[in-house]
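Undergrad: Following is a predicted model, sequence given first.
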Number of protein chains: 2
Amino acid sequence: MVKKNAHKHRSGCPLACALDLIGDHWSLLIVRDLIFLDRHEYKDMLSSEEGISSNILSDRLKKLEAAKLVASIPHPESGRRKLYYLTARGKDLVYLLIDIARWSEKHLGDIVDIPPEKKELLTNNPDLMVELTLKDLDDWEKAHGVKT
Amino acid sequence: MVKKNAHKHRSGCPLACALDLIGDHWSLLIVRDLIFLDRHEYKDMLSSEEGISSNILSDRLKKLEAAKLVASIPHPESGRRKLYYLTARGKDLVYLLIDIARWSEKHLGDIVDIPPEKKELLTNNPDLMVELTLKDLDDWEKAHGVKT
DNA sequence: TAGAATACTTGCATTATGCAATCAGTTGAA
DNA sequence: TTCAACTGATTGCATAATGCAAGTATTCTA
């Protein structure tokens, strides 16, 4: 069904190629859920603050899996659930996301809402924030027996 | 005409807020044209490799100007032309764009096409690449009498 | 002063999105 | 063993965004 522009890319430009994969309103928010908000299930992402639609979530998860940014395993406690997680390719977006957050904090400070302790880390030591975030993901993977 | 979701934002999340401004298929490519490709006129952007439509380009330039990422001045050689350039807020996206390019180079290496000398700089010394890029923009602004 | 160039705008067909409802497989309690 | 509830989707339909071709207004050039 959904497979239309899965593989088309507009040019060889590295920015254009990346944007063909993640340059839409929702994909990076799903990646955010997986990286920063510890949301690994469909229903968790569905109930995120921004209110993504069920069909869009389903579509984007498929596209992200097709692009090898996201993978999934069955939930250990229940066969009807799935656990989504980021591949190495997906986890590498953490630098990018933190850059976006830094830009937002700097330029959209009056409309964004960042918890103070995260704000300080983001502003003063983004490299440490990346490191801690990657460690969290690593711990999650170890706890769930994901081999990467 | 075009003003629908200009100011709505989905949440206070810094990623969501940024994506409300630049999270679409075209906005960052326009920023790329202005930052890296020295395209400052409508017709230059219109003829970029990715083939943006005239109405979409017009719409995105308006939105980027409304978001204070882009500004414009009349072309000094011709009153019927305009020169677009990045505000400080827009120029600050250079870190982000270089991060995207690095990610692309690393993970989409087989489909992206980067000139060798840029590739080396991007891979080995991205900070210098940022610095050189910002200097180019500064030179352009000085040459065109833009005060920032 | 005619014609070309530039920066858009308009009309219209196609595609994507949002929302509500529905579906199918799994689970757990009765 | 049955059946309601849960979960990860899919479907139908209305609305919005996009793509493409053509048109318009203004300015420069010859």
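TA: Received it, and whenever you're ready, just let me know what you need.
Undergrad: ok, and what's touching the lengthiest helix in chain A?
TA: What stands out as the longest helix in chain A, according to DSSP state H, is helix A:126-143. Contact partners of helix A:126-143, identified using C-beta atoms under 8 Å, 6 or more residues apart in numbering or on different chains, comprise A:35-36, A:38, A:40, A:85-86, A:91, A:94-95, A:98, A:102, A:118, A:121-122, A:146, A:148. For glycine as for every other residue, the C-beta is placed from the backbone atoms N, C-alpha and C.
Undergrad: do the same with stretch A:77-96
TA: Under C-beta under 8 Å, 6+ apart, the answer for stretch A:77-96 is A:22, A:28, A:31, A:34-35, A:40-42, A:45, A:61, A:64, A:68-76, A:130, A:133-134, A:137, A:140-141, A:144, A:146, A:148, B:96, B:99-100, B:102-103, B:106-107.
Undergrad: Restricted to helices, list the residues you listed.
TA: Applying DSSP H to these, the entries found in helices are A:22, A:28, A:31, A:34-35, A:42, A:45, A:61, A:64, A:130, A:133-134, A:137, A:140-141, B:96, B:99-100, B:102-103, B:106-107.
Undergrad: need the residues of chain A near DNA strand C, please.
TA: Counting by C-beta under 7 Å from any atom of the strand, chain A comes close to DNA strand C at A:4-5, A:24-26, A:51-56, A:59, A:77-80.
Undergrad: quick one: the nearest residue to A:Asp33 once chain neighbours are set aside and DNA strand C, what's the gap?
TA: Distances taken as C-beta to C-beta, 6 or more residues apart in numbering or on different chains place A:Arg39 nearest to A:Asp33, at 3.9 Å, with adjacent residues excluded. Look at A:Arg39 and DNA strand C: by C-beta to the nearest atom of the strand, to the nearest Å, they are 18 Å apart.
Undergrad: got any ranges where chain A has weak pLDDT?
TA: A:1-8, A:148 (pLDDT under 70).
Undergrad: In it, which residue is most central in space?
TA: Nearest to the mean C-alpha position of chain A, by C-alpha atoms, centre = their mean, lies A:Val31 at 0.8 Å.
Undergrad: For that one, which residues are in contact?
TA: With C-beta under 8 Å, 6+ apart, A:Val31 has these contacts: A:Ile22, A:Leu64, A:Leu69, A:Val70, A:Leu86, A:Gly90, A:Leu93, A:Leu97.
Undergrad: Need those in JSON lines (columns: neighbour count and distance to B:Gly12).
TA: Listed next are those as JSON lines, based on neighbours: other C-beta atoms under 10 Å in any protein chain shown; distance: C-beta to C-beta, whole Å:
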{"residue": "A:Ile22", "neighbour count": "23", "distance to B:Gly12": "22"}
{"residue": "A:Leu64", "neighbour count": "23", "distance to B:Gly12": "24"}
{"residue": "A:Leu69", "neighbour count": "23", "distance to B:Gly12": "25"}
{"residue": "A:Val70", "neighbour count": "22", "distance to B:Gly12": "25"}
{"residue": "A:Leu86", "neighbour count": "24", "distance to B:Gly12": "24"}
{"residue": "A:Gly90", "neighbour count": "24", "distance to B:Gly12": "24"}
{"residue": "A:Leu93", "neighbour count": "24", "distance to B:Gly12": "21"}
{"residue": "A:Leu97", "neighbour count": "22", "distance to B:Gly12": "16"}
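Undergrad: Can you name the residue of chain A nearest to DNA strand C?
TA: Here the residue of chain A nearest DNA strand C is A:Gly79; by C-beta to the nearest atom of the strand that distance is 2.8 Å.
Undergrad: Just the CA coordinates for the helix or strand hosting that residue, please, in CSV.
TA: Assigned by DSSP states H and E, A:Gly79 belongs to strand A:78-86. The C-alpha coordinates for strand A:78-86 follow below in CSV (Å, rounded to 0.1, in the frame of the first residue of the first chain):
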residue,chain,number,x,y,z
SER,A,78,3.0,-9.9,25.3
GLY,A,79,2.9,-11.3,21.9
ARG,A,80,0.5,-8.7,20.6
ARG,A,81,2.8,-5.9,21.3
LYS,A,82,6.0,-4.7,19.6
LEU,A,83,9.1,-2.9,20.9
TYR,A,84,10.6,-0.4,18.5
TYR,A,85,14.2,0.7,18.8
LEU,A,86,16.8,2.5,16.8
